[in-house]
Every structure is written in structure tokens, then in C-alpha cells.
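S.K.: sequence? don't have it. structure:
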């Protein structure tokens, strides 16, 4: 079902983007994926971000400074079919393609926002510090949000189900979520945190924030900076 054209057509909302990179950034391609690297602090670690649905790399041009202030140089990857990326987006292509992007970027931290959490969860096997922002773990709920019926016997299986990946991961993990998120409910963040076996994991539900405004809270940036620096919460 998760490979079905009807599901993928309802899941993805690609946007065209042809902006040039700002002076502190460079663009490159990893296969079909368009990747933009920001270098504001050359000695800082690299944070690889897989963005949310309907977003493109240029949406983060102005935010790159905030990530640098939090202690990391931001690199953002566009899904196939988004921005300058080539190809057609499918959930399988997005999940499986994340490995090639990781190998090309060699990040110190991986972060997945919303739909991009599918990529971040896939890369938990790489054992780098990982941030899940407004992410999902309930694949049945994901399908239903697309207006599709789920057969009673449905099992998501590999590579789609995030929970087995969380149960096998040993790296540091930060789960960030808006406490008022009505799109992907906070219970999914709680489920991700509960499933993770890493001894160094943290769940932060940001009060007064929903799905798309968590980064407007100072708590978001303070928590992210602490995680990047590797300090105890």
C-alpha cells in the first residue's frame, strides 16, 4: 500500500525552487537530490536536515544563521521532485535515498522535520546524534491523514515502519515536538521516545506550539544548542 501511486500522490506536495544559494552556501547534487550546504562557522559540526513536506532548501536560507548560533553548519536536502531535485517523490525513494545523501555529506548530526523524520529514522543505524522534530511513527495514522482506508491486516514493514529502527538505535536522540500539534499528535513523539533504547535520549514537548511553529520558541533553539554541544540536559 505504501508503494501505491495513489498514496504517494496524496503524500507529497512538491514545490519548484530555483533560487541561487546565498554567499555562505553552495549547492550540489547527490543523485537526484539537491543539497545546499551553509558554512557560516567553518570549524562547527555539520547538521544534515531533511525538511518537512511542502518545503524546499531555500526556505532555510534565512534560518542558517540560527542553526550556526546553535552550534552547527546547516546542510539541507530536497526530496526528489522538490526544488531543483530530479525524479518523482515516493516514500520508499525518500527513505532509501537518505543513505546516499548521508554518505556524501558525512554529517555530525542528522535531523528530520515532519515528513523528513522518515529519513532521520532510517539513518539511526548510522549511530550519529539524531533530532526528530514534529516527526511521525504511526504509519496507519499517516495513511489516514491522506484520506485513505487502511485494511485491517495492514502491516507497514520495512523500510517504512520507524519503530523497529528506534528500537535498534544506540545513538543520542532528541525528540522535539509542539505540545499543541494537531497534525501529528504529541503522542507520536512520546511513542518515538518510548521506543528508543538509547540511554541518551530526551523528549521535549514545547508548550504553546503546534506543527509548524516550534522553531519560534526560544526553548527550541536552547534545546537544540545543548544537544549539538553534547551537554547533559
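M.R.: Arrived safely, thanks for sending. Everything quoted here is computed from the prediction, not taken from an experiment. Numbers count the residues shown, from 1 in each chain.
S.K.: tell me, how many residues neighbour residue 27?
M.R.: 14 (other CB atoms under 10 Å). Using the backbone N, CA and C atoms, a C-beta is placed for each residue, glycine as well.
S.K.: list the contacts for it?
M.R.: Residues near residue 27 by CB atoms under 8 Å, 6 or more residues apart in numbering: 21, 34, 35, 36, 37, 84.
S.K.: which among the residues you listed gets closest to residue 124?
M.R.: Within the contacts of residue 27, the smallest distance to residue 124 is 20.2 Å, found for residue 35 (CB to CB).
S.K.: check which helices and strands the host helix or strand of the closest one sits against.
M.R.: Per DSSP states H and E: residue 35 is located in strand 33-38. Strand 33-38 is packed against strand 25-30, helix 64-69, strand 73-77, helix 91-105, with contacts defined by 3 or more CB pairs under 8 Å, 6 or more residues apart in numbering; DSSP states H and E.
S.K.: and these, which is most packed in?
M.R.: Most buried of the helices and strands packed on strand 33-38, by mean neighbour count (mean count of other CB atoms under 10 Å): strand 73-77, with a mean of 27.
S.K.: which other residues reach that strand?
M.R.: Counting by CB under 8 Å, 6+ apart, 30, 33-42, 44-51, 57, 60, 63-64, 67-68, 98, 101, 105, 107, 119 sit against strand 73-77.
S.K.: ok, of those, which come out buried?
M.R.: The neighbour-count test (16 or more other CB atoms under 10 Å) marks 30, 33-38, 40, 44-51, 57, 60, 64, 67-68, 98, 101, 105, 107, 119 as buried among those.
S.K.: pLDDT below threshold where in this protein?
M.R.: Counting by pLDDT under 70, the chain shows low-confidence ranges at 231-233.
S.K.: now do the strands in it.
M.R.: 25-30, 33-38, 46-50, 73-77, 109-113, 130-133, 173-178, 201-206 (DSSP state E).
S.K.: can you put the ones you listed in TSV and add distance to residue 10?
M.R.: Formatted as TSV, these follow (distance: least, CB to CB, whole Å):
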stretch	distance to residue 10
strand 25-30	26
strand 33-38	22
strand 46-50	20
strand 73-77	22
strand 109-113	20
strand 130-133	23
strand 173-178	23
strand 201-206	28
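S.K.: so which of those strands is nearest residue 14?
M.R.: Closest among the strands of the chain, once you apply CB to CB, is strand 33-38, at 11.8 Å.
S.K.: give me the angle between the closest one and strand 25-30.
M.R.: Between the axes of strand 33-38 and strand 25-30, defined by axes from the mean of the first three to the mean of the last three CA atoms, to 10 degrees, the angle is 150 degrees.
S.K.: how far does strand 33-38 sit from its chain's centre?
M.R.: For strand 33-38, the separation from the chain centroid amounts to 14 Å (computed by CA atoms, centre = their mean, to the nearest Å).
S.K.: cool, stretch 90-109 as well?
M.R.: 11 Å.
S.K.: thinking again about what came up before, show residues contacting the strand holding residue 35.
M.R.: With contact meaning CB under 8 Å, 6+ apart, strand 33-38 is reached by 21-22, 24-29, 46, 57-58, 60-61, 64, 67-68, 73-80, 82-85, 97, 100-101, 104-105.
S.K.: check the gap between the residue lying closest to residue 167 once chain neighbours are set aside and residue 162 for me.
M.R.: Take residue 167 and drop its neighbours on the chain: the residue closest to it by CB to CB, 6 or more residues apart in numbering is residue 195, 5.4 Å away. Residue 195 sits 8 Å away from residue 162, taking CB to CB, to the nearest Å as the criterion.
S.K.: now do residue 225
M.R.: Counting by CB to CB - residue 225 and residue 162 are separated by 25 Å.
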